[in-house]
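>>> pasted the sequence and its predicted model underneath.
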Amino acid sequence: MSSSSPVAAFVYTLTHAHQHATAPLPGAAWYRLSEQLLGLLFPDRAERPFATEDAVAATLLQLEADMRVLLVALPLPATPAEIAGQFFAGLPLLREQLLADAAAIAAADPAAHGLPEVIRTYPGFYAIALHRLAHALYQLQVPQLPRIISEYAHARTGIDIHPGARIGASFCIDHGTGIVIGETAVIGAHVKVFQGVTLGALSVGKHLQGIKRHPTIEDYAVIYAGATILGGSTVVGSHSIIGGNVWLTESVPSHSRVYHRAQIHVTRNEDPNADLTFSI
């Protein structure tokens, strides 16, 4: 192959890029670590529950050691040992938060048959659990890995929560497919969100980096399927209900009821065997 050929030039360009690339991040290893952490925190998600305190303690130490190794490839604000230590020190509180999330889902969904079912099978709980893991790393200023975990959850559940989003206690996701929650969204306690909800920005531009672009949802709000709420200054007041398919770009006070009202007309042919005719 001639050194001056287009193919040779392309090979040179790719080789140069590979030689100067940063260390690759082992995404699969982080997926496994996340799953192992959830299995440790919740026996209902474990392949085999641990029988003794020694087994639990040994697993905690091993997972912390695994995290230290995986963190070595990253530019961190502290040593891998310090980051991993802070993360694992926060696991007791994180577990309590997730138990409250599971309890909120179980209490709100008449189809749920207790916490074990929610923890083991509900995609909403799974997405929240991985988000809280990713958010803990985000708060420790770990680069890239929070997004790796959040995109793993996104791929598994169809629920897209940026690891920077701040979510309060007892968060309930019902169904969940198609939910999008942006980086600077702030969600209070006891909030319930249905499928297809978007908490997004009014506009997208690089100059908006570092600015609050996504809405604030206060305590005990309920947001029904398909609602879109946009803007960093938009606040949904506490105990408010946002109905399905609402498009909201301005704040509403506490105890508000906001509905999208479509005009739907249903007519029926006089022939009882004819199909219904719908017009919207």
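Looks like it came in fine. Residues are numbered from 1 along each chain as shown.
>>> quick check, central residue of this structure?
In the chain, the residue lying closest to the centroid (CA atoms, centre = their mean) is Ile161, at 3.1 Å.
>>> show me what that residue is bridged to.
Ile181 (DSSP bridges).
>>> now it: how far from Gly124?
11 Å (CB to CB, to the nearest Å). (C-beta placed from N, C-alpha, C; glycine too.)
>>> one more: Ala111?
Distance of Ala111 to Gly124, given as CB to CB: 12 Å.
>>> repeat for Ile217
16 Å.
>>> what do you get for Ser240?
21 Å.
>>> which of those two has more neighbours?
Gly124 (26 against 21; other CB atoms under 10 Å).
>>> which residue packs closest to the more buried one, ignoring adjacent ones?
Ile173 (3.1 Å; CB to CB, 6 or more residues apart in numbering).
>>> the one you found: neighbouring residues, count only.
Neighbour tally, Ile173, other CB under 10 Å: 29.
>>> any idea what it is bridged to?
For Ile173, the beta-bridge partners under DSSP bridges are Val193.
>>> and it, what does it touch?
Residues in contact with Ile173 (CB atoms under 8 Å, 6 or more residues apart in numbering) are 105, 123-125, 127-128, 159, 179, 192-194.
>>> if you set the cut-off to 7 Å instead, what comes out?
Ile173 makes contact with 124, 127-128, 159, 179, 193 under the criterion CB atoms under 7 Å, 6 or more residues apart in numbering.
>>> looking at the residues you listed, which are in helices?
124, 127-128 (DSSP state H).
>>> of these, closest to Gly226?
When the ones in helices among the contacts of Ile173 are compared for distance to Gly226 (CB to CB), Gly124 wins out at 16.2 Å.
>>> got the buried residues for stretch 207-214?
212-214 (16 or more other CB atoms under 10 Å).
>>> please save the CA atoms from that stretch in CSV.
Coordinates of each C-alpha in stretch 207-214 appear next as CSV, following Å, rounded to 0.1, in the frame of the first residue of the first chain:
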residue,chain,number,x,y,z
HIS,A,207,-23.6,28.5,26.6
LEU,A,208,-26.2,27.1,29.0
GLN,A,209,-23.8,24.7,30.6
GLY,A,210,-23.7,25.1,34.4
ILE,A,211,-27.1,27.0,34.4
LYS,A,212,-30.3,25.5,35.8
ARG,A,213,-32.2,24.5,32.7
HIS,A,214,-34.7,21.9,34.0
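>>> how about residues contacting that stretch?
182-185, 199-201, 232.
>>> other SSEs contacting the helix or strand Ala100 falls within?
Here Ala100 sits within helix 91-108, counting by DSSP states H and E. If contacts are counted by 3 or more CB pairs under 7 Å, 6 or more residues apart in numbering; DSSP states H and E, helix 91-108 sits against helix 27-41, helix 115-121, helix 123-139, strand 172-174.
>>> pLDDT on stretch 201-217, on average?
The average pLDDT for stretch 201-217 rounds to 87.
>>> so how far is it off the chain centroid?
Centre-to-centre, stretch 201-217 and its host chain are 18 Å apart (CA atoms, centre = their mean, to the nearest Å).
>>> now do the same end-to-end measure for that stretch.
Counting by CA to CA, to the nearest Å, you get 14 Å between the two ends of stretch 201-217.
>>> what does stretch 220-231 give?
Across stretch 220-231, first to last residue, CA to CA, it's 20 Å.
>>> then stretch 225-239?
Using CA to CA, the two ends of stretch 225-239 sit 17 Å apart.
>>> could you do stretch 16-23 as well?
Start-to-end, stretch 16-23 (CA to CA) is 14 Å.
>>> let me know the closest of the ones in helices among the contacts of Ile173 to Val56.
Distances from Val56 to the ones in helices among the contacts of Ile173, taken by CB to CB, are shortest for Ile128, at 23.1 Å.
>>> verify the stated contact: Pro26 with Val72.
No: counting by CB atoms under 7 Å, Pro26 does not reach Val72; the two are 10.8 Å apart.
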